[in-house]
Every structure is written in structure tokens, then in C-alpha cells.
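Colleague: fold the stuff below for me.
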Amino acid sequence: MDDPSQLIDTDDIEVEVTIRIGRTRLTVAELSALRRNEVLTLDQSISDGVEICVGEKVIARGELTGDGAPENRLCIRIIGAAETP
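Modeller: Sure thing, here's the model as predicted:
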């Protein structure tokens, strides 16, 4: 039998990567009352970094940074693999 990893070319398979920066809980009333320029406080500090996820699985940790380009886009610098339980 052939090795399954040789049967499927995985180089072109795309996966969606999600960056989690924190969470907060709001009631529906609080959510519907949100207005422009309001600030939501998250459950973690800026120094805690971010979680890099594929699906619900955390695959790495990172930190927020800018790309220095004129658009000044938000970027993530990878600082390490996720710890396995």
C-alpha cells in the first residue's frame, strides 16, 4: 500500500488561520448599545500575546506588530509553537 502522505499533494491546501487576542462577555443589551469609539476591555494583558489557531486548535503563540508599510497593517510575529498538553 502506498504511503497516504504521498497520495495527496498538501502543498496547495489552504487553511484559515485565526488570531485570538482575548475575550470579553457582554449581554445582548450591552452589545446592542455599543457605539462608535467605545472600547471593549479584553480578558488579557497586551503582554500576554496572541493565540494563532487553525480551527479551534491553538498551533502557536505570537505578538502584535506593525508591518511598517504606508498602510500600517497589523501583523503577528510568531514567538513559538503552542505547548502540547
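
Colleague: where along the chain do the helices fall?
Modeller: For the chain, helices defined by DSSP state H occupy the ranges 4-7, 28-33.

Colleague: nearest to Glu51, out of the ones you listed?
Modeller: For Glu51, the closest of these is helix 28-33, at 22.9 Å, according to C-beta to C-beta. All C-beta spots, glycine's among them, are computed from the backbone N, C-alpha and C.

Colleague: any idea how far the strand ranked longest in the chain is from the middle of the chain?
Modeller: In the chain, assigned by DSSP state E, the strand with the most residues is strand 57-66. The chain centroid and the centroid of strand 57-66 are separated by 6 Å under C-alpha atoms, centre = their mean, to the nearest Å.

Colleague: for Ile13, give me the pLDDT.
Modeller: At Ile13, the model reports a pLDDT of 89.

Colleague: then Gly68?
Modeller: pLDDT recorded at Gly68 is 69.

Colleague: before we move on, what about Met1?
Modeller: pLDDT at Met1 comes out at 50.

Colleague: okay, and the beta partners of the residue most central in space within the chain?
Modeller: For the chain, the residue nearest the mean C-alpha position is Ile19 (0.7 Å; C-alpha atoms, centre = their mean). Taking DSSP bridges as the rule, Ile19 bridges to Ile52.

Colleague: kindly report the same for Cys75.
Modeller: Beta-bridge partners recorded for Cys75 (DSSP bridges): Thr65.

Colleague: wait, what's in contact with it?
Modeller: Shown in contact with Cys75 (C-beta atoms under 8 Å, 6 or more residues apart in numbering): Leu64, Thr65, Gly66, Asp67.

Colleague: including neighbour count and distance to Lys57, could those go into CSV?
Modeller: Converted to CSV, those look like this (neighbours: other C-beta atoms under 10 Å; distance: C-beta to C-beta, whole Å):
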residue, neighbour count, distance to Lys57
Leu64, 13, 21
Thr65, 11, 23
Gly66, 10, 27
Asp67, 10, 26
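
Colleague: find the nearest non-adjacent residue to Gly80, please.
Modeller: Arg61 (5.2 Å; C-beta to C-beta, 6 or more residues apart in numbering).

Colleague: hmm, back to that, and the helices of the chain, which one is worst for confidence?
Modeller: Among the helices of the chain, helix 4-7 has the lowest mean pLDDT, at a mean of 68.
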